[in-house]
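**Student:** okay, structure incoming, though there's no sequence with it:
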């Protein structure tokens, strides 16, 4: 599934399906090891994207545009949020 942070996909006409979201939390074993925050955040990004892609596929999407990621961190760990617009190629 194509993920882009642009409004359109060059060379493609698209039909908007709707908003899709995802949340990713690294597993406990990753959060409490000696891995750096970069590795922990990357794990959360992957999980959030996978969650969002699964929702988009259920809607019959071919791609997701306007994709944005955000993170929330605390002493307990990190949570990654992602959202975008599911689209279908015309």
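**Tutor:** Cool, got the structure. The shown structure was predicted, so the numbers you read here are calculated from the model rather than taken from an experiment.

**Student:** contacting residues around the residue nearest the centre of the chain?
**Tutor:** Nearest to the geometric centre of the chain sits residue 49, at 2.8 Å (CA atoms, centre = their mean). For residue 49, the contacting residues are 3, 22, 24, 82, by CB atoms under 8 Å, 6 or more residues apart in numbering. The C-beta positions use only the backbone N, C-alpha and C, and glycine is treated the same way.

**Student:** closest one to residue 90 out of the residues you listed, please.
**Tutor:** Checking the contacts of residue 49 against residue 90 with CB to CB, the nearest one is residue 3 at 19.0 Å.

**Student:** please enumerate the helices of the chain.
**Tutor:** Under the criterion DSSP state H, helices of the chain are mapped to 28-31, 37-58.

**Student:** format the ones you listed as CSV; extra columns: distance to residue 9.
**Tutor:** Below are the helices of the chain laid out as CSV (distance: least, CB to CB, whole Å):
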stretch, distance to residue 9
helix 28-31, 33
helix 37-58, 14
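
**Student:** distance of residue 18 relative to residue 59?
**Tutor:** Remark: distance between residue 18 and residue 59 (CB to CB, to the nearest Å) = 7 Å.
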